[in-house]
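Visitor: Got a sequence here, can you model it:
(chains A and B)
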Amino acid sequence: MIQVEGLTKLYGEFTAVNDLSFSIQPGEVVGLVGPNGAGKTTTLRCLAGIIPPTRGTVRVGGHNIVRDAIAAKKQLAFFTDEPRLFDYLTVWQHLNFVARIYQVADYEKIGATLLEELELANKKESLPGELSRGMKQKLAIACGLLHSPKVIYFDEPLTGLDPLGIRRMKDSILKRARCGAAIIISSHLLHLVEEICSRLLILKNGRKIADGTLAEITRKFSEQPGDTSLEEIFFRATSESSTPLPPPVLPLESK
Amino acid sequence: MIAALFYLQYQSFRNRLVSRFKRLRQPKYLFGAIVGGIYFYFYFFRYLFHQGYAGSGRHAAAVTIPPEYLVLAESLAALALFVIVLLAWIFPHERAALTFTEAEVAFLFPAPVTRRSLIHFKLIRSQLRILFSALLLTFFSRRFGGDVWIHALGWWLILSTLNLHFLGSSFARTLLLDHGISNRLRRLLVFALVISLAAFVWLWAKNTLPAMTSADRADFSSILKYAQQVLTAGPALYLLYPFHLLVRPFFAPDAAAFLSALAPALLLFLLHYIWVVGSDVAFEEASVEASQKLATRIAAVRAGNWQAAGKKQKARHAWFRLAPTGPLPAALLWKNLIGVGQVFSPRLWIVFISIIVVVLAVGLKNVRHDQNFSSLAAILVAVALGYSLLLGPQLLRLDFRHDLPRADILKTFPMRGWQIALGEILAPVTMMIAFQWLMLLIGSGLVLYLSGKQTVLFLAIAAGAAMLLPALDFLLLLIPNAAVLLFPSWIQAGKDSPRGIEATGQRLIFALGQMLALVLALVPAALAFAAVYFPLKLALGPVAPVPFASLAATVVVAVEAGFGVMLLGKLFERFDVTEEPAS
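Guide: Presented below is the predicted three-dimensional model:
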């Protein structure tokens, strides 16, 4: 569903993403992890057609995101970490607008269901300024899911959500994957990635340093059999060989 | 503690200044600074250390206030200050709130800093703004003569004391609220006091001063002399006395007069300072709220959303029903019209049209067959159309200039570049066309009603304009939209938009660039108009060819606009959102 070959993005002399290749099948949930500045957001932006890659190709549902952008974009949804909404459109007007953009003829039925699921049904006439951070996030999600995308990118999807919202978001992601959507989640929350991702892609300095299931990556980076915490593996995979690992955080009383 | 606050203020100012200088290494700021500097020099600086400006476009003798009017000028200034101070006691309704930035609230409020220190910090910070304002006002007032230092110090004293007074009055208002005196009661009391004082002055003037005769109304200087009599004698003088003290240094004709006027003004300033610093009013809670509002407002303004900055937004109805399927640009038109509706609602249009119709119906009730009125109507319509072309693209910015901070979202839409470009500029174009056609309709109706000699000519021109204007509107809006995509960091659309002389210079460069682009785009249309008009004129006379020639010009402009939309679309497709000015 998503095929990336030799994706490279340069900003002048700086290489944000360097020769990245991978593919994702329908139903797969891939966690994109890496330290700050690893190139995660740039990668997602290239995959969504927001910025053009300097080199390489990205195919979404078989369509080249640069040459056949319209067909590719029809199949995808991109959720940014900060919900980007139009200040002067109400919740329902957002759905109406997105429906026209994606030509969703039966948007009223789908939209009502989505708002119900996301607990926004009683906020249909509210402006974004009247919504909490979490509600804005939910509205962005409702807009993104309205056209039933087959490819979904999440950039830090849990930011600003309350515990119930987090639970619902995880369920929603898994539900979409079960329905055949290919999903990429970029997040620093390793427990989220560990919990819902079927595969991991670890980036560092724009390069792919690991790609595989959690078990495969664990085998690659663990030094002893009991060493299976994703946090430990992440530090091991992304730290320089000469850089010591940060000490574990101890409870106050044990210090 | 105050040293730390000084340090914060000094370092912030210094760093801001250094970063301003550093960015001059970039050509866009350097050119902006050069052009802005030239503008400021010719408009303000050259008058600073030279004689005043006579208004004829050349240097001339100093234009200072004649000595016989000096007292009147001082009295009028004192009266103006009195009104400003009075308004500060009547209109504001909020509790005392010192406006801090969110960072200052986060760092200073939880810190062991006394309330008095916070007030001092606020006063120190406001001095930067006051000094800058005093400098600008000196640039302006110096154009009319006088000593530069006297002007600068005079302005500084006035602005600083006013600043302290506003702060003190806000504290006093809060204390009144705390003692159960509501805003309404306070306003009533202030109104009662003002009316009593005004009545007292009026009665005194009526009983003491000779009544205004026709000689007093003979010319402007007689009126001024009479006004001077009223303002400089009796209770008015005593009432305005503190304000006289404050403005007197500014009007001092020389250094000696300035120094003698300085002491009482400084004393007034000092008394205000003691009043403000001695007030013990809880302002923290209201300040936190004010700082959040300020942050929201700044973010909105810097994102180009002046409407959101001005007032709380309300949900608006769409101007038309948007079906879920159909042409894609209509979606952006629909969206942006809702945004435009925050200012120009359909209700506003109905009120506007109703007022015009009623005014015309009443005003022209007994006027028929009048060539003068007919010509006047035609001129007014032409002026309205001219202003719509000039100001429309600047005022109606619900296009790329507004949506650029959301360019990443627009880029995820399955739309071609030209579709997005067309959709983005359709809303302001629609608004401009609606206004212009309305003006043409009203003008045509009026001209027909008045039946002047030039009726046919006006109608021919109106028909031509009705054809040409929509294409012209497209063209006019394409230019700033292309500019914002070509030079995103030059246009003040994002959160980190530049300010200062270099930003003024950038705006001037763009205004000139836009003008030049428009002139170049109109040359082929003018040629097309001439190519059709002059041959037809030989056969049909001067009036009949106007619509045909206008049609030819319209076709040319429309083709240009069509190419422009395609080009704008390409520009948007190539636009790199990582270079956009907003996050």
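Visitor: hey, let's count contacts and neighbours off CA atoms from now on
Guide: Noted.
Visitor: Residue B:158 is in contact with residue B:248, isn't it?
Guide: No - taking contacts as Cα atoms under 8 Å, residue B:158 lies outside contact range of residue B:248: 9.8 Å.
Visitor: When the two are compared, which one has more neighbours?
Guide: residue B:248 (27 against 22; other Cα atoms under 10 Å in any protein chain shown).
Visitor: surely the more buried one meets residue B:73?
Guide: No - counting by Cα under 8 Å, residue B:248 stays clear of residue B:73, with 9.9 Å between them.
Visitor: how many neighbours does residue 115 have?
Guide: Just going to use chain A. 22.
Visitor: think we crossed wires, I meant chain B
Guide: By other Cα under 10 Å, the residues close to residue B:115 number 17.
Visitor: where's it relative to residue B:164, distance?
Guide: The gap separating residue B:115 from residue B:164 is 16 Å, by Cα to Cα, to the nearest Å.
Visitor: And residue B:458, by the same measure?
Guide: Counting by Cα to Cα - residue B:458 and residue B:164 are separated by 59 Å.
Visitor: got it, and residue A:153?
Guide: Counting by Cα to Cα - residue A:153 and residue B:164 are separated by 54 Å.
Visitor: Please parse chain B into its domains.
Guide: Per automatic domain parsing, the structural domains of chain B span B:66-300, B:303-579.
Visitor: Could you save those domains as CSV and add columns showing mean pLDDT and distance to residue A:163?
Guide: Compiled in CSV, the domains of chain B are given as follows (pLDDT from 0 to 100; distance: least, Cα to Cα, whole Å):
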stretch, mean pLDDT, distance to residue A:163
domain B:66-300, 81, 26
domain B:303-579, 84, 27
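Visitor: Out of those domains, which is closest to residue B:17?
Guide: domain B:303-579 (10.5 Å; Cα to Cα).
Visitor: just how off-centre is the closest one within its chain?
Guide: Distance of domain B:303-579 from its chain centroid, counting by Cα atoms, centre = their mean, to the nearest Å, is 21 Å.
Visitor: Run through the stretch 151-255 of chain A and note the low-pLDDT ranges.
Guide: A:223-228, A:240-255 (pLDDT under 70).
Visitor: and the residue located most distally from the centre of chain B, helix, strand or coil?
Guide: Using Cα atoms, centre = their mean, the residue of chain B lying farthest from its centre is residue B:539. It sits 50.5 Å away. Put simply, residue B:539 is helix when judged by DSSP: H, G, I helix; E, B strand; the rest coil.
Visitor: could you list every residue that touches the nearest residue to residue B:423 once chain neighbours are set aside?
Guide: Spatial nearest neighbour of residue B:423, excluding adjacent residues (Cα to Cα, 6 or more residues apart in numbering or on different chains): residue B:329 at 4.0 Å. Contacts for residue B:329 (Cα atoms under 8 Å, 6 or more residues apart in numbering or on different chains) come out as B:419-420, B:422-424.
Visitor: The most centrally placed residue in chain A is in what secondary structure piece?
Guide: In chain A, the centroid-proximal residue (Cα atoms, centre = their mean) is residue A:154; its distance is 2.1 Å. Using DSSP states H and E, residue A:154 falls within strand A:151-155.
Visitor: Would you mind listing what in the stretch 101-250 of chain A touches chain B?
Guide: A:101-107, A:125-127 (Cα under 8 Å from any Cα of the partner chain).
Visitor: if we go to 7 Å?
Guide: A:101, A:103-105, A:126-127 (Cα under 7 Å from any Cα of the partner chain).
Visitor: Which single residue in the stretch 401-550 of chain B comes nearest to chain A?
Guide: Among the residues of the stretch 401-550 of chain B, residue B:414 lies closest to chain A, at 4.5 Å counting by Cα to the nearest Cα.
Visitor: Was I right to think that residue contacts residue A:70?
Guide: Yes - contact criterion Cα atoms under 7 Å: residue B:414 and residue A:70 qualify, at 4.5 Å.
Visitor: So which of the two has more stuff around it?
Guide: Neighbours per residue (other Cα under 10 Å) separate residue B:414 from residue A:70, with residue B:414 holding more: 22 against 18.
Visitor: Now do the contacts for that one.
Guide: Counting by Cα atoms under 7 Å, 6 or more residues apart in numbering or on different chains, residue B:414 touches A:70, A:73-74.
Visitor: What of residue B:547?
Guide: B:460-461, B:463-464.
Visitor: Tell me which two in the residues you listed are the farthest apart.
Guide: Maximum distance among these (Cα to Cα): 6.3 Å, for B:460 and B:464.
Visitor: For the helix or strand sitting right after the strand holding residue A:154 along the chain, what is the distance to the chain centroid?
Guide: Where DSSP H and E defines the elements, the next helix or strand beyond strand A:151-155 is helix A:163-178. Taking Cα atoms, centre = their mean, one finds helix A:163-178 lying 13 Å from the centre of the chain it belongs to.
Visitor: And helix A:163-178, what does it pack against?
Guide: Packed against helix A:163-178 by the contact rule (3 or more Cα pairs under 7 Å, 6 or more residues apart in numbering or on different chains; DSSP states H and E) you find no helix or strand.
Visitor: Quick check: residue A:186 touching residue A:155?
Guide: Yes - Residue A:186 lies in contact with residue A:155 (Cα under 7 Å); the separation is 4.8 Å.
Visitor: which of those two has more neighbours?
Guide: residue A:186 (24 against 21).
Visitor: tally of neighbours for residue B:501?
Guide: Residue B:501: 19 neighbours (other Cα under 10 Å).
Visitor: Correct me if wrong: it contacts residue B:31.
Guide: No - applying Cα under 7 Å as the test, residue B:501 and residue B:31 come out as separate, 10.6 Å apart.
Visitor: quick one: the strands in the stretch 151-255 of chain A?
Guide: A:151-155, A:182-186, A:199-204, A:207-212 (DSSP state E, counting those that start in this stretch).
Visitor: strand partners of the third one, parallel vs antiparallel please.
Guide: This points to strand A:199-204. Taking DSSP bridges as the criterion, strand A:199-204 sits next to strand A:29-33 (parallel), strand A:207-212 (antiparallel) in its sheet.
Visitor: do the same with the second one
Guide: Applying DSSP bridges, strand A:182-186 is found paired with strand A:29-33 (parallel), strand A:151-155 (parallel).
Visitor: any residues touching it, and which ones?
Guide: A:1, A:24-33, A:40, A:150-156, A:177.
Visitor: what inclination does it have with respect to helix A:163-178?
Guide: 140 degrees (axes from the mean of the first three to the mean of the last three Cα atoms, to 10 degrees).
Visitor: For the helix or strand harbouring residue B:258, buried residues please.
Guide: Following DSSP H and E, the helix or strand that holds residue B:258 is helix B:255-278. Within helix B:255-278, the residues that count as buried by 16 or more other Cα atoms under 10 Å in any protein chain shown are B:258, B:261-262, B:264-266, B:268-269, B:272-273, B:275-277.
Visitor: Stretch A:44-63 now?
Guide: A:44-61, A:63.
Visitor: same check, this time on stretch A:212-222
Guide: Buried-residue list, stretch A:212-222, by 16+ other Cα under 10 Å: A:212-214, A:217-218, A:221-222.
Visitor: And for the closest residue to residue A:83 other than its chain neighbours, the neighbour number?
Guide: Nearest residue to residue A:83 in three dimensions, chain neighbours excluded: residue A:137, at 5.3 Å (Cα to Cα, 6+ apart). Number of residues near residue A:137 (other Cα under 10 Å) recorded here: 27.
Visitor: How about the secondary structure of residue A:137?
Guide: With three-state DSSP as the criterion, residue A:137 reads helix.
Visitor: show me the contacts for residue A:180.
Guide: A:26-27.
Visitor: distance of it from residue A:112?
Guide: Applying Cα to Cα to residue A:180 and residue A:112 gives a distance of 22 Å.
Visitor: again, but for residue B:471
Guide: Distance from residue B:471 to residue A:112, by Cα to Cα: 41 Å.
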